[in-house]
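K.L.:
show me how the following folds:
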Amino acid sequence: MLWPSYIKGFKSYLKLERSLSGNSVEAYLNDIDKLAQYFKSLNEEPKLTDITITDLKSFISWLNELGMLASTQARVISGLKAFFAYLMLEDVISNDPTTLLEAPKLSRKLPDTLNIHEINELIAAIDASKPEGMRNKAIMEVLYGCGLRVTELTELRISSLFPQIEFIKVIGKGNKERLVPIGSVALKLLDIYINEVRVHANIKKGHEDFIFLNRFGAKLSRISIFNLIKSLAIATGLKKTISPHTLRHSFATHLIEGGADLRAVQEMLGHSSITTTEIYTHIDRDYLKEVITQFHPRA
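P.N.:
Residues are numbered from 1 along each chain as shown. Got it, this is the predicted structure:
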């Protein structure tokens, strides 16, 4: 591996100073690894101080030739900028070669969503008579009812539930906490799962506070949630390609379509910038166009 000591320091910086999750840290390190792979393909092992913007532009062209999507290239560039900013901070380099490095322009693809009928069908497909059935129903209701990211769901703790005021405390990106309202349906299913199903589990030490457990009594993994969603889509014959994030998108879309304030949705989703949330207003505009077309006499 190229530059091992600096990559190790960068990893510690991301974890300790930036408070990033393990998944985010790995994504940044993978971005640096791609740059190392590029130089290895050229049989070169440059010092970090010798890397120029010309090298980085050639690297991006290489990624493009490999067929990498523009959105993925943009994320790699973001990782490189973070790495070289860290090297500047540590006085390893005196000039940042990424300063003038531009990310490819991205089209703002609207996220896939489900309508309420499709969501109800997915939840109805869960067999509540099975040991994991009530857990899975609660998972689906919390994902859709609270708009959580999949990692936020797996990290959800019993001590983060406040049923009296109908809120949950969520730990989002960068370990930022936020309070999210939770509806009566999700609360009822959580109550049944925790007090009638989970209470009988042989819980692994250190996992006592995590809400959603696997059959071994350990915290449920991200991949388990992805597999659950995939299996439900197959069971209901849903033709759309969906993931846990689809339920989060649906949560936001349904709120915006119902007239919810954009700032409130931003707060619930845990977006640091309202620009990220504004993508959902495009969906709402399409909905409004449909209403005009259907009902206005001048349409």
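K.L.:
what number of residues lie near residue 200?
P.N.:
By other C-beta atoms under 10 Å, 8 other residues sit near residue 200. Any C-beta I mention is one placed from the backbone N, CA and C, and that applies to glycine too.
K.L.:
in the stretch 101-250 of the chain, where is pLDDT below threshold?
P.N.:
Along the stretch 101-250 of the chain, segments meeting pLDDT under 70 span 106-111.
K.L.:
residue 242 versus the closest residue to residue 139 other than its chain neighbours, what's the distance?
P.N.:
What sits nearest to residue 139 in space, not counting adjacent residues and going by C-beta to C-beta, 6 or more residues apart in numbering, is residue 212, at 6.2 Å. Using C-beta to C-beta, to the nearest Å, we find residue 212 at a distance of 19 Å from residue 242.
K.L.:
who has more neighbours, these two?
P.N.:
Higher neighbour count among residue 212 and residue 242: residue 212, with 24 against 21, using other C-beta under 10 Å.
K.L.:
does that one touch residue 158 like I think?
P.N.:
No: Residue 212 is not in contact with residue 158 according to C-beta atoms under 8 Å; the separation is 10.3 Å.
K.L.:
tell me the buried residues in the host helix or strand of residue 121?
P.N.:
Here residue 121 sits within helix 116-124, counting by DSSP states H and E. For helix 116-124, the neighbour count (16 or more other C-beta atoms under 10 Å) marks 118-119, 121-123 as buried.
K.L.:
packing partners for it?
P.N.:
Where contact means 3 or more C-beta pairs under 8 Å, 6 or more residues apart in numbering; DSSP states H and E, helix 116-124 is packed against helix 133-146, helix 222-236, helix 244-257.
K.L.:
same list (these) but as TSV, adding mean neighbour count.
P.N.:
Below are the helices and strands packed on helix 116-124 laid out as TSV (neighbours: other C-beta atoms under 10 Å):
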stretch	mean neighbour count
helix 133-146	24
helix 222-236	16
helix 244-257	21
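K.L.:
nearest to residue 21, of these?
P.N.:
helix 222-236 (10.7 Å; C-beta to C-beta).
K.L.:
got the angle for the closest one vs helix 244-257?
P.N.:
Angle, helix 222-236 to helix 244-257, by axes from the mean of the first three to the mean of the last three C-alpha atoms, to 10 degrees: 70 degrees.
K.L.:
report the distance from helix 222-236 to the chain centre.
P.N.:
16 Å (C-alpha atoms, centre = their mean, to the nearest Å).
K.L.:
helices or strands up against it?
P.N.:
Short answer (3+ C-beta pairs under 8 Å, 6+ apart): helix 222-236 packs on helix 116-124, helix 133-146, helix 150-154, helix 244-257.
K.L.:
quick one: the residue nearest to residue 139 from residue 31, how far?
P.N.:
Taken as C-beta to C-beta, the span from residue 212 to residue 31 is 30 Å.
K.L.:
contacting residues for the residue nearest to residue 139?
P.N.:
135, 138-139, 153-154, 156, 219-220 (C-beta atoms under 8 Å, 6 or more residues apart in numbering).
K.L.:
closest one to residue 82 out of the residues you listed, please.
P.N.:
Distances from residue 82 to the contacts of residue 212, taken by C-beta to C-beta, are shortest for residue 154, at 25.0 Å.
K.L.:
wait, isn't the closest one in contact with residue 214?
P.N.:
No: contact criterion C-beta under 8 Å: residue 154 and residue 214 do not qualify, at 10.3 Å.
K.L.:
shared neighbours, these two?
P.N.:
220-221.
K.L.:
between these two, who's got more neighbours?
P.N.:
More neighbours surround residue 154 than the other of residue 154 and residue 214, with 20 against 15 (other C-beta under 10 Å).
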